[in-house]
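**Student:** here are the coordinates; sequence isn't available:
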């Protein structure tokens, strides 16, 4: 019995391969290799899908970060513009007050000058409401009121220009912030589309890889 088993395993006279089983052994080895190739194709396809998802995630994160930074910059720029506008208005208010103070000082000087003129006229025995004394006082009043009018005009101009400058700064800042945020939104949309395209491309590549592996596996099985 032992001799019979030995002949079946080693072939006749202990030399060759078994009489049967060589073809099935080759078929089995080929199928194992084909199966390994199919598994490798599946792993490669999953790696391509993972790479596509990772790339899409990177694009989405970049889009989110860029948009968030643009919004933060816009908010900070608006706050800075509000502060600067407030400073401009305060500066214009102080300048207008200085012009008003100057006008009040002119009126105070006018009263003092005319009082001096009247006192000198009275000391000289001249009627200060008539003649040259009155004429001098009228000239003083006219000149002073002209200067006071200019001071009032300067005060009004300071207020108007300060308000216009502050308004222009705020409007310009708002417009620039709108453009910056809009550009960031457009860029975020482009990143989102790029991420979507990258994932779709990865899906196509993964499908092609897996299909190629399946075809090679089927061809190996057919040849066997």
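**Tutor:** Okay, I see it. Fair warning: this is a prediction, and the values are worked out from it, not measured in the lab.
**Student:** what does stretch 179-196 contact?
**Tutor:** With contacts defined as CB atoms under 8 Å, 6 or more residues apart in numbering, stretch 179-196 is touched by 55-60, 62-64, 66-67, 69-71, 73-74. Every residue, glycine included, has its C-beta placed from N, CA and C.
**Student:** Now, of these, which are buried?
**Tutor:** 55-56, 59-60, 62-63, 66-67, 70, 74 (16 or more other CB atoms under 10 Å).
**Student:** For the residue nearest the centre of the chain, give me its contacts.
**Tutor:** Of all residues in the chain, the one closest to the mean position by CA atoms, centre = their mean is residue 70, 1.7 Å from it. Applying CB under 8 Å, 6+ apart, we find residue 70 in contact with 180-181, 183-185.
**Student:** For the protein, which helix extends over the most residues?
**Tutor:** Counting residues, the longest helix found in the chain (DSSP state H) is helix 22-123.
**Student:** Report the distance from that helix to the chain centre.
**Tutor:** 5 Å (CA atoms, centre = their mean, to the nearest Å).
**Student:** re earlier: from the contacts of residue 70, which would you call buried?
**Tutor:** 180-181, 184.
**Student:** What confidence value was assigned to residue 145?
**Tutor:** On the pLDDT scale, residue 145 is placed at 89.
**Student:** oh sorry, the question was meant for residue 5
**Tutor:** 33.
**Student:** what does residue 33 give?
**Tutor:** Looking at residue 33, the pLDDT reads 65.
**Student:** What is the least confident helix or strand in this protein?
**Tutor:** Lowest mean confidence among the helices and strands of the chain (mean pLDDT, DSSP states H and E): helix 2-10, at a mean of 39.
**Student:** And the helix or strand hosting residue 200, how far out from the chain middle?
**Tutor:** For residue 200, the element it lies in under DSSP states H and E is helix 131-223. A distance of 10 Å separates the C-alpha centroid of helix 131-223 from that of its chain, computed with CA atoms, centre = their mean.
**Student:** got the angle for that helix vs helix 22-123?
**Tutor:** Using axes from the mean of the first three to the mean of the last three CA atoms, to 10 degrees, the inter-axis angle of helix 131-223 relative to helix 22-123 is 180 degrees.
**Student:** circling back: go through the contacts of stretch 179-196 and say which is closest to residue 130.
**Tutor:** residue 74 (71.7 Å; CB to CB).
**Student:** residues touching the closest one, list them.
**Tutor:** Contacts of residue 74 by CB under 8 Å, 6+ apart are 177, 180-181.
**Student:** Next, count neighbours for residue 90.
**Tutor:** 12 (other CB atoms under 10 Å).
**Student:** Read off the pLDDT value for it.
**Tutor:** Predicted confidence (pLDDT) for residue 90: 91.
**Student:** if I look at it, how far off is residue 79?
**Tutor:** Computed as CB to CB, to the nearest Å, the residue 90 to residue 79 distance reads 17 Å.
**Student:** try residue 207
**Tutor:** 52 Å.
**Student:** Likewise for residue 47?
**Tutor:** From residue 47 to residue 79 the distance is 48 Å (CB to CB).
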